[in-house]
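1. coordinates for the following, if possible.
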Amino acid sequence: MKTAIPSNDGENISVNFERSRGFIIFETKGGSILKEEFRDNNTLGITIGHFKRVAGNEDCKEYARRPLPSALSDCDAVVTSGLGQCAITHLRSAGKKVFFTSERNARKALELLTKGHLNCNEDFRMRSKKRKNTGENI
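-> A predicted model of the protein is given here:
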């Protein structure tokens with residue numbers, strides 16, 4: 001399975017999915033990491049959430065016309081600390097599983113995913129909460 005995790009430094013999960021510098025891509029099998037790479041975010045903020053900010057509403061139909069970052073094209077899943085509803089719908093309609101975590105370290109979040117401890121329920125979104133153990137707003 002290939003999993004994308006937004007990151008600015010290649011180690012920690014970015015607090016803003018669409019504005020992250022890139023994505024750490026983990027290829028795993030049976031809980032083991034086979035390959036790890038960092039891919040630049042070629043859309044850098046124009047895809048996820050763009051129409052919500054511009055139009056001031058949740059116009060998911062207009063939003064869905066935007067391309068996903070090409071870095072995610074061959075990925076099966078995304079692990080993030082939070083996303084808006086249009087972004088979740090857009091990713092899922094492209095066949096991506098979306099998981100949420102309050103974990104800051106990407107490798108630890110991946111470990112939680114492989115053990116089945118991450119939530120894919122959109123009610124778990126972390127937007128209005130503070131990230132665990134950091135006090136950082138996300």
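2. please name the nearest non-neighbouring residue to the residue most central in space within the chain.
-> Closest to where the C-alpha atoms of the chain average out (C-alpha atoms, centre = their mean) is residue 80, at 3.7 Å. Nearest non-adjacent residue to residue 80, counting by C-beta to C-beta, 6 or more residues apart in numbering: residue 17, 5.1 Å away. C-beta here means a position set from N, CA and C on the backbone, and glycine is covered the same way.
3. what secondary structure does that neighbour sit in?
-> Secondary structure assignment for residue 17 (DSSP: H, G, I helix; E, B strand; the rest coil): coil.
4. any idea how far residue 82 is from it?
-> Remark: distance between residue 17 and residue 82 (C-beta to C-beta, to the nearest Å) = 7 Å.
5. do residue 5 as well
-> Counting by C-beta to C-beta, the gap from residue 5 to residue 82 is 13 Å.
6. go on, residue 109?
-> In this structure, residue 109 and residue 82 are 13 Å apart, going by C-beta to C-beta.
7. neighbour-wise, which of the two wins?
-> residue 109 (26 against 21; other C-beta atoms under 10 Å).
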